[in-house]
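> Task: produce atomic coordinates for the following.
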Amino acid sequence: MNGAPFDISGGSDIGKKRSENQDHFLIADLRRQLIVRGTDVPDAKHREMFGCQEGNLLVIADGMGGHRDGERASRTAIESTAQYVLDMMHWFLKLCSDEEQDFIDELSHSLTAIQQKIWTEGEGVHRRMGTTVTMAYLLGSRMYVVHAGDSRCYMLRDKTLKQLTTDHTVAQQLIDAGALRDSDAAIEQWRHVLWNCVGGGNQAVRPEAVRSKLQTGDILLLCSDGLTGMVDEDRIASILMASKDSESSVAKLIEAANDAGGADNISAIVCRINQVEDHCDTSIAAELDTTTG
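Model prediction:
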């Protein structure tokens, strides 16, 4: 999905060790649109009226809870995200107002809504199914991220790769508390144990929210732990900087993870910020077909 101002691509791979891919991803453009279906005004026939593109939605979901349950949970998360955004479109189209915090709260609430859907679908023997969700909404020079689990959102700026999200693992909790160091052998047993996710039992999800300002030249990466568990951050940064576009970035990241062993499913979305544009005003700009009736 190439083109100014953002160049965005995504991909998912089963890896070399798994029998099924439990990852899913979503890339969506949000825009205002009016399609003329019928009119007796000749100049209005065969026209589509568009507002500016309102934003881009990027989502990574990494399922867990057994083969079918993991895939089902992550697929449900992606489907529910798309439906939630459609249902709450007025929030995504009113960010010119001063209600940014309300919007962030609503975006965070989407994870609660997704969890309820997963709980409903997983009633009974599938009650333990769950998924990570890392979601980014890009609007002009602004980015809003909501997150639960150990998938990640990174920003590469000025040759420095920064992790914007926190891993919701027991290992990270122990490191943050000073109980163990990242280099300690004892930490390994806790690296993939999540204390926070969407679904996965009876505990309510605790969304993490992050907001960032975008700059021209930034590169964003959303990925599952199938990438970060195989490829270190220096190598990830090197691939992002060396790639000519987002599509080749994704392909090379997945290739690197598989070359390192491909122990898990691998999913990545890369967004290259070619140009930061101010969010357009709320008026509808028309892109008109020259055909008349």
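
> Phi first, then psi, for the closest residue to Cys223 other than its chain neighbours.
In space, Cys223 comes closest to Ala268 once its chain neighbours are excluded; the distance is 4.4 Å by C-beta to C-beta, 6 or more residues apart in numbering. Where C-beta positions appear, they are placed from N, C-alpha and C, glycine not excepted. Dihedral angles phi and psi of Ala268 (degrees, to the nearest 10) take the values phi -150, psi 140.

> Please apply the same query to the one 4 residues further on.
Backbone dihedrals for Arg272, given as degrees, to the nearest 10, come out at phi -100, psi 120.

> OK, contacts around it?
By C-beta atoms under 8 Å, 6 or more residues apart in numbering, the contact set of Arg272 is 6-8, 218-220, 245-246, 249.

> what about the helices in the protein?
67-87, 89-92, 100-121, 170-176, 225-228, 233-242, 246-259 (DSSP state H).

> Could you provide the contacts of Arg272 in a markdown table, with additional columns for distance to Met64, neighbour count and pLDDT?
What follows is the contacts of Arg272, written out as a markdown table (distance: C-beta to C-beta, whole Å; neighbours: other C-beta atoms under 10 Å; pLDDT from 0 to 100):
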| residue | distance to Met64 | neighbour count | pLDDT |
| --- | --- | --- | --- |
| Phe6 | 30 | 24 | 94 |
| Asp7 | 31 | 19 | 97 |
| Ile8 | 26 | 22 | 97 |
| Asp218 | 30 | 19 | 98 |
| Ile219 | 28 | 20 | 99 |
| Leu220 | 24 | 27 | 99 |
| Asp245 | 32 | 13 | 97 |
| Ser246 | 27 | 27 | 98 |
| Ser249 | 26 | 26 | 99 |
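
> weakest of the helices of the chain in terms of mean pLDDT?
Lowest mean pLDDT of the helices of the chain: helix 89-92, a mean of 68.

> follow-up on the earlier one: mind listing the residues bridging to the residue nearest to Cys223?
Ala268 forms beta bridges with Gly11, Cys223, as assigned by DSSP bridges.

> Return the residues in contact with it.
So Ala268 contacts 10-12, 25, 60, 221-224, 227, 249-250, 253-254 (C-beta under 8 Å, 6+ apart).

> Looking at the contacts of Arg272, point me to the pair that's furthest apart.
Maximum pairwise distance among the contacts of Arg272 (C-beta to C-beta): 14.7 Å, between Asp218 and Asp245.

> and which of the contacts of Arg272 is nearest to Arg128?
Using C-beta to C-beta, these come closest to Arg128 at Leu220, 31.7 Å.

> who touches the closest one in this structure?
Counting by C-beta under 8 Å, 6+ apart, Leu220 has contacts 58, 136, 138, 143, 153-156, 269-273.

> Of those, which is the most crowded?
Neighbour tally across the contacts of Leu220 (other C-beta atoms under 10 Å): the maximum, 29 neighbours, falls on Val270.

> Tell me how far that one lies from Cys223.
Val270 sits 9 Å away from Cys223, taking C-beta to C-beta, to the nearest Å as the criterion.

> what residues are shared contacts of these two?
Shared contacts of Val270 and Cys223 (C-beta under 8 Å, 6+ apart): Leu253.

> I'd like the contacts of Ala268 laid out as CSV, including distance to Ala177.
Shown next, in CSV, are those (distance: C-beta to C-beta, whole Å):
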residue, distance to Ala177
Gly10, 35
Gly11, 36
Ser12, 34
Phe25, 32
Ile60, 27
Leu221, 28
Leu222, 27
Cys223, 26
Ser224, 25
Leu227, 26
Ser249, 35
Val250, 35
Leu253, 31
Ile254, 34
